[in-house]
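1. This is the structure alone, sequence omitted:
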């Protein structure tokens, strides 16, 4: 009789979590508790959390982190996370930061299916990107546990595909100081206002005969212009916003294969193209004010308000509170804020051998900076007031601010600043280098020690 009584006590301890450390849970029990932690009643979720804490294995941190978000920071869940990590975990954000800092911790095998099921319940379309074998660790370039829901469904932030553009004189809705993404290729000048692009975060268009996508991540402040025709003779890739995030950066997807792509790197991270070796080629894009772009490019076309979507495209409306706040909307580690704060803007250039960032305040009042990136001599001309920076190769030359608004002083006299090159008095052309604006946290988070920061320490 005592033997049966002991067995009943053991079974009860497994169900309640008490004494579970003396009786390790089977994989099937961990899987069941994981489901209870997220989908069960409050009582059952608490029991699962206690069982995992008593078990003492960190492979359940991922599922508890997921549970902490969708159970609104349940105290038992947070308590279990604190015990397992050995650090005070007071919120889902704390748990996500701990996960990011500990890539050596692998989730329990049951986590993958549960994570996909949670996402599928939010929007069944998420299974297009992570269902089946796609979300297996060996089939991904990023960790599944670090992928988060961004608060919208697939295409909840709709891309603008071959959008309607109008002549500059018809764009009466734009204010002179509204910022635009400016692009010119082969004489084809286009302006894509940020007040519109903030609602769409992606366009697929053809400029100067070149198929392009502008991937604009409002969370990380980066608009990066990519060529979308990967191979000659093949149809260009067409991109959309997945509704998923990775380290406070959007994951875009291509509509042909449903592969997920890292917006910041232009590389696929899951799906059929994950092992393709593709890295999208970047093109120069500039942020400037509408009045400056219009003066420099009087024949420019500009986005029409007729986008086919019902949004408030008013000046300064989209993401107003986020842009004005020093805080992030989604958690990610901010490695280094000794010289630049997390949401300070920088201008960054990446070359095959190096990367470098220039804080936007280096261009306060308008500035010309002669510098180098990985042994390549560059000159940058910018103005912090309009978040404008253009970078060019400079060869053996050095430049200074010119007397004219759109020119630099260099060897022989005035060098006009074009969208594709600096042109000298003798016809010499110095090519423009692709670069882009970004919040510091995103640039440093993805490049870290691989990037230098201007100015170099004395």
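-> Noted; the coordinates are in hand. Since the structure is predicted, the reported quantities are computational estimates derived from the model, not experimental observations.
2. In the stretch 351-458 of the chain, mark out all the helices, start to finish.
-> In the stretch 351-458 of the chain, the segments counted as helices under DSSP state H, counting those that start in this stretch are 440-447.
3. which stretches of the stretch 101-250 of the chain form helices?
-> Taking DSSP H, counting those that start in this stretch, the helices of the stretch 101-250 of the chain run over residues 111-122, 127-130, 194-200.
4. Pick the most buried one from the ones you listed.
-> Each of these was scored by mean neighbour count; the highest is helix 194-200, a mean of 22, by mean count of other Cβ atoms under 10 Å. Using the backbone N, CA and C atoms, a C-beta is placed for each residue, glycine as well.
5. What helices and strands are in contact with that one?
-> The contact analysis (3 or more Cβ pairs under 8 Å, 6 or more residues apart in numbering; DSSP states H and E) places helix 194-200 against strand 160-161, strand 179-185, strand 210-217.
6. would you turn the ones you listed into a markdown table with mean pLDDT, distance to residue 148 and mean neighbour count?
-> Shown next, in a markdown table, are these (pLDDT from 0 to 100; distance: least, Cβ to Cβ, whole Å; neighbours: other Cβ atoms under 10 Å):
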| stretch | mean pLDDT | distance to residue 148 | mean neighbour count |
| --- | --- | --- | --- |
| strand 160-161 | 98 | 25 | 18 |
| strand 179-185 | 98 | 27 | 23 |
| strand 210-217 | 98 | 14 | 23 |
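7. okay if I get the helices of the stretch 101-250 of the chain as JSON lines plus mean pLDDT and distance to residue 60?
-> Converted to JSON lines, the helices of the stretch 101-250 of the chain look like this (pLDDT from 0 to 100; distance: least, Cβ to Cβ, whole Å):
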{"stretch": "helix 111-122", "mean pLDDT": "98", "distance to residue 60": "8"}
{"stretch": "helix 127-130", "mean pLDDT": "98", "distance to residue 60": "20"}
{"stretch": "helix 194-200", "mean pLDDT": "98", "distance to residue 60": "38"}
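8. can you list these in CSV and add distance to residue 43?
-> Shown next, in CSV, are the helices of the stretch 101-250 of the chain (distance: least, Cβ to Cβ, whole Å):
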stretch, distance to residue 43
helix 111-122, 19
helix 127-130, 30
helix 194-200, 42
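9. returning to what we had before: residue 192 is nearest to which of the helices and strands packed on helix 194-200?
-> strand 179-185 (4.4 Å; Cβ to Cβ).
10. Quick check: neighbours of the closest one in the sheet, parallel or antiparallel?
-> If you go by DSSP bridges, strand 179-185 pairs up with strand 188-193 (antiparallel), strand 286-289 (antiparallel).
11. and the direction of that strand versus that of strand 210-217, what angle?
-> Between strand 179-185 and strand 210-217, the angle comes out at 160 degrees (axes from the mean of the first three to the mean of the last three Cα atoms, to 10 degrees).
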